[in-house]
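A.B. asks: dropping a prediction and its sequence here:
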Amino acid sequence: MTLKSLITIYQKRVDIALDRCLPASTLEPQRLHEAMRYAVLNGGKRVRPLLVYLTGQLFSVDPVSLDIPASAVELIHAFSLVHDDLPAMDDDDLRRGKPTNHKAFDEATAILAGDALQTLAFYILTQAPAHRLEMIEALALATGSRGMAGGQAIDMVSVGQTLNISELENMHNHKTGMLIRACVKLGALASSSLEQSVLKTLDHYAKCIGLAFQIQDDILDVESDTETLGKLQGSDIAHNKVTYPALLGLDGAKNMANELIEEAITSLNEFDDKADPLRWMANYIITRQF
Ligand code: GRG
């Protein structure tokens, strides 16, 4: 197996699971359900579900048991993208190569679609086959004011300010990192027997790749183009955001991302070749082109 084939298998798998858990667009209120489906079933790399599946695979968990947590993390991610693009936040027009939710529908529908995707994530987790309360707890903490929403709040007050590297890191650890850590935790929680020390090791891996993911996102915003990214290139500068390339220079940002990935891979040393997909995934995080 290569990472490429695993990505294809699990992307298809989670797309089927997501399609099943989303309300049909023929169901009332149709416009809201259409907007929810538009937000989720529109491409996307599915990095977060992949982390759930690959972590579960490390513990030989049946992928059937991972479909719910994998879908839940993608629903939260899709919700965050819809709200992030709103006029009150980043006011973006393009996402995954298509008009953003509020452009394709309208602002009120996009707000409701985001809200409903969030609650759907927690609703489906109540049906998870194992450790459902722990999963709900982990995802709620990662999404709320001490996680993603908190990171977004820091981001909003930081626009136009000068942040130092540790302040920038703190913002991204909340805004992007906590959800990535929750993905790895949910994948591990799907296993029947789990030691706290193993959870701690995996959390360190996830923290490193989460930050590297954001640094690569900042680098691509400088180096890539709108068509490849599926969103407006250069939007960080346009939005007056503090970024890693702005603070460290492009080479400095790339070095930092590389070091984090090395640290992530080293932290997996206690595992055998069953952890190889997680090692490959770490490299993918900083070699991805969009
Ligand atoms: C109100 C609880 C609450 C949350 C909303 C808007 C918001 C708060 C948070 C924003 C979080 C956010 C959008 C972080 C950016 C993370 C990021 C780098 C997104 C891009 O992820 P990819 O590259 O995108 O995985 P695809 O399209 O491939 O899924």
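C.D. replies: Great, that's in hand.
A.B. asks: C-alpha only now, for contacts and for neighbours.
C.D. replies: Will do.
A.B. asks: buried residues, the least confident helix or strand in the chain by mean pLDDT. List them.
C.D. replies: Least confident helix or strand of the chain, by mean pLDDT, DSSP states H and E, is helix 235-238 with a mean of 89. Within helix 235-238, the residues scored as buried using 16 or more other CA atoms under 10 Å are 235, 236.
A.B. asks: now do it: which elements does it pack against?
C.D. replies: Counting contacts by 3 or more CA pairs under 8 Å, 6 or more residues apart in numbering; DSSP states H and E, helix 235-238 packs against helix 196-223.
A.B. asks: mind checking if the helix it packs on is in reach of the ligand?
C.D. replies: Yes: part of helix 196-223 sits near the ligand under the criterion CA under 6 Å from any ligand atom, namely 214, 217.
A.B. asks: what is the rounded mean pLDDT of whichever helix or strand residue 49 is part of?
C.D. replies: According to DSSP states H and E, residue 49 maps onto helix 47-58. Mean pLDDT, taken over the full extent of helix 47-58, equals 98.
A.B. asks: how about residues contacting it?
C.D. replies: 7, 10-11, 14, 62-63, 66, 69-71, 73-74, 180, 183-188, 190-191, 274-275, 277-278 (CA atoms under 8 Å, 6 or more residues apart in numbering).
A.B. asks: mind giving me the ChimeraX command for buried ones among those?
C.D. replies: Restricted to buried positions by 16+ other CA under 10 Å, the ChimeraX selection for these reads:
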select :7,10,11,14,63,66,69,70,71,73,74,180,183,184,185,186,187,188,190,191,275,277,278
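A.B. asks: the ligand next: which of the contacts of helix 47-58 are close?
C.D. replies: Among the contacts of helix 47-58, proximity to the ligand is found for none (CA under 6 Å from any ligand atom).
A.B. asks: might you report the residue contacts of residue 258?
C.D. replies: The contact partners of residue 258, by CA under 8 Å, 6+ apart, come to 212, 286.
A.B. asks: pLDDT value on it, please?
C.D. replies: 98.
A.B. asks: just residue 18 next, same as before
C.D. replies: 98.
A.B. asks: gap between it and residue 261?
C.D. replies: Note on residue 18: its distance to residue 261, by CA to CA, to the nearest Å, is 30 Å.
A.B. asks: and the stretch 51-200 of the chain, which residues reach the ligand?
C.D. replies: When proximity is defined as CA under 6 Å from any ligand atom, the stretch 51-200 of the chain approaches the ligand at 80, 81, 83, 84, 96, 143, 144, 148, 149, 152, 175, 176.
A.B. asks: looking at those, which are in helices?
C.D. replies: Among these, DSSP state H puts 80, 81, 83, 84, 143, 148, 149, 152 in helices.
A.B. asks: out of these, who's the most crowded?
C.D. replies: When neighbours are counted as other CA atoms under 10 Å, the busiest of these turns out to be residue 148, with 26 neighbours.
A.B. asks: sticking with the residue nearest to residue 39 when sequence neighbours are not counted, tell me its helix or strand.
C.D. replies: Take residue 39 and drop its neighbours on the chain: the residue closest to it by CA to CA, 6 or more residues apart in numbering is residue 78, 6.0 Å away. Assigned by DSSP H and E, residue 78 belongs to helix 63-84.
A.B. asks: now that helix and helix 47-58, what's the angle there?
C.D. replies: Relative orientation of helix 63-84 and helix 47-58, computed by axes from the mean of the first three to the mean of the last three CA atoms, to 10 degrees: 160 degrees.
A.B. asks: so which elements touch helix 63-84?
C.D. replies: On a contact count with 3+ CA pairs under 8 Å, 6+ apart, helix 63-84 meets helix 3-21, helix 30-40, helix 47-58, helix 107-125, helix 132-143, helix 178-189.
A.B. asks: for the fourth one, buried residues please.
C.D. replies: Translated: helix 107-125. Neighbour counts using 16+ other CA under 10 Å place 107, 109-118, 120-122, 124-125 of helix 107-125 among the buried residues.
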